[in-house]
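> only the shape, not the letters, is given here:
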């Protein structure tokens, strides 16, 4: 039997034909948007991705510990999801114990809001607008569409590699750029989610103009952060803020007669849920100050070298120099120091030296030198496990094999600085919290600030109450931020 090898052009045409057939088969009309969409990800896959990622989100950021707030947000979210075009998804709504102003959605119906964004809202309708916007990302399948477009682009790169030696040579670099291109939602997706958010919040009776108020608050928060008074709201970094977004929302409301009958605001109901909520970073969970990282709840401190950055995560504390050449990581470990050290040495890919027993500020410790393979070369470091306060701590000092001699002294200095925290002021520090007060009548801004002094700046207080500095503060519930007793 004589089988002829296809010529390159024939292979390319065949590949394009197969790809085109797959694209046509994968296009379907989305019931939320009415548009035909390209998708290579089925609903079951979408749900599986959300379910797999949800525990990781919870582990990294933590859940806000007030079950009544969790239930309140969850019940509101489920009411809105029920009137969406995809009511049968396993909708899950969570409040994260995170100070950033943020809300986001995972594929399959997993929606998250932070306590940070809750403390910046002033009504149940505003919360409904945020939830509706995130529900819109899910019903419109924006994340899935991004993945599908990325897969399509990857497919086109593969076809191009058959055709061109030049494309084949740089195909890996192009694939990386493609992944970055589809990393964030674009302008059209954001405007579409705004429109869907209006649809869902009005279907359950909420005043749609409150969503415009959310956008105005986010703009003011961004201005405050850019002036050096704080960080850019995370919600804006993951949700681009197009020009005239507030105006577009207002125009859509005016052009949609069925929105006119939705008037529920729910200011008092929502504000009551904020009373006692932690505001900003919680110093009980660790903070940096005066050249050290302090953890009041666990009663320890470690030195922070000058110029090093600190990241205090839910699962670990990490620090390192600006050049990224070294890393110190502190986390809790299972078992006593001997057992924990043995478990570390038994990990695949780790070449660990013999254990050395030491004492650090009177605490028993086990230290091992180690090396490990990485994608871009060999790593070297020391792992220290020590016992303190009935817990075992794992303190890892890490650099590249070539960089270890340079960074080892500073890293070892951080490890050996671990000690008990004894400063009463640090041990007794408390976070800020929102206290909700009720004004019997409207008052001037100056009168409000005088009668209800806060631990934050007037500009910040103005943003979270959504009242201009110097403006009139209306009667009803207002926020004050004080130090928790």
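Sure, I can see it. The structure presented is a predicted model; accordingly, all values stated were derived computationally and were not measured.
> on the three-state scheme, the residue lying closest to residue 393 once chain neighbours are set aside is what?
Among residues not flanking residue 393 along the chain, residue 386 sits closest, at 5.5 Å (Cβ to Cβ, 6 or more residues apart in numbering). (C-beta placed from N, C-alpha, C; glycine too.) Secondary structure state of residue 386, per DSSP: H, G, I helix; E, B strand; the rest coil, is strand.
> can you tell me how far residue 386 sits from residue 343?
15 Å (Cβ to Cβ, to the nearest Å).
> in the stretch 351-485 of the chain, what spans have low per-residue confidence?
Scanning the stretch 351-485 of the chain for pLDDT under 70 picks out nothing.
> can you map out the strands along it?
356-360, 363-374, 377-388, 391-400, 419-420, 432-439, 443-444, 472-473, 476-483 (DSSP state E, counting those that start in this stretch).
> cool, and the stretch 151-300 of the chain?
Under DSSP E, counting those that start in this stretch, the stretch 151-300 of the chain gives strands at 278-279, 287-289, 292-295, 300-303.
> what's the distance between residue 144 and residue 138?
As judged by Cβ to Cβ, residue 144 and residue 138 stand 9 Å apart.
> what residues do the two have in common as contacts?
Contact with both residue 144 and residue 138 is made by residues residue 107, according to Cβ atoms under 8 Å, 6 or more residues apart in numbering.
> distance check, residue 464 against residue 340.
43 Å.
> ok, those two, which is more surrounded?
Applying other Cβ atoms under 10 Å to residue 464 and residue 340 shows that residue 464 carries more neighbours, namely 24 against 21.
> low-scoring stretches of this protein, by residue?
1-28, 31-41, 145-185, 226-243.
> what sits against residue 212?
Neighbour list for residue 212: 246, 249-250, 253 [criterion: Cβ under 8 Å, 6+ apart].
> tell me the one among the residues you listed nearest to residue 363.
The closest of those to residue 363 turns out to be residue 246 (Cβ to Cβ; 56.1 Å).
> how near is the closest one to residue 358?
60 Å.
> those two - which one has more neighbours?
Taking other Cβ under 10 Å, residue 246 and residue 358 do not tie; residue 246 has more neighbours (19 against 15).
> in space, what's closest to residue 300 - neighbours in sequence excluded?
Distances taken as Cβ to Cβ, 6+ apart place residue 421 nearest to residue 300, at 5.5 Å, with adjacent residues excluded.
> the one you found contacts residue 297, correct?
No: the criterion here is Cβ atoms under 8 Å, and residue 421 misses it with residue 297 at 10.0 Å.
> those two: which has the busier surroundings?
Neighbours were counted for residue 421 and for residue 297 using other Cβ under 10 Å; residue 421 has more, 17 against 12.
> so what's that one up against?
Counting by Cβ under 8 Å, 6+ apart, residue 421 makes contact with 294-296, 299-301, 427.
> 10 Å - rerun?
Taking Cβ atoms under 10 Å, 6 or more residues apart in numbering as the criterion, residue 421 is in contact with 292, 294-302, 427.
> report the beta-bridge partners for the closest residue to residue 275 other than its chain neighbours.
Closest residue to residue 275 apart from its sequence neighbours, by Cβ to Cβ, 6+ apart: residue 436 at 4.3 Å. The bridge-partner assignment for residue 436, based on DSSP bridges, gives residue 479.
> pretty sure residue 436 is in contact with residue 272, am I right?
Yes: with contact defined as Cβ atoms under 10 Å, residue 436 and residue 272 form a contacting pair (6.4 Å).
> so of the strands of the stretch 151-300 of the chain, which one's packed in deepest?
Burial of the strands of the stretch 151-300 of the chain is given as mean neighbour count (mean count of other Cβ atoms under 10 Å); strand 278-279 ranks first at a mean of 24.
> tell me what that strand is packed against?
Here strand 278-279 touches helix 115-118, strand 432-439, strand 476-483, going by 3 or more Cβ pairs under 10 Å, 6 or more residues apart in numbering; DSSP states H and E.
> list the neighbouring strands of that strand plus their orientation.
Counting by DSSP bridges, strand 278-279 is paired with strand 432-439 (antiparallel).
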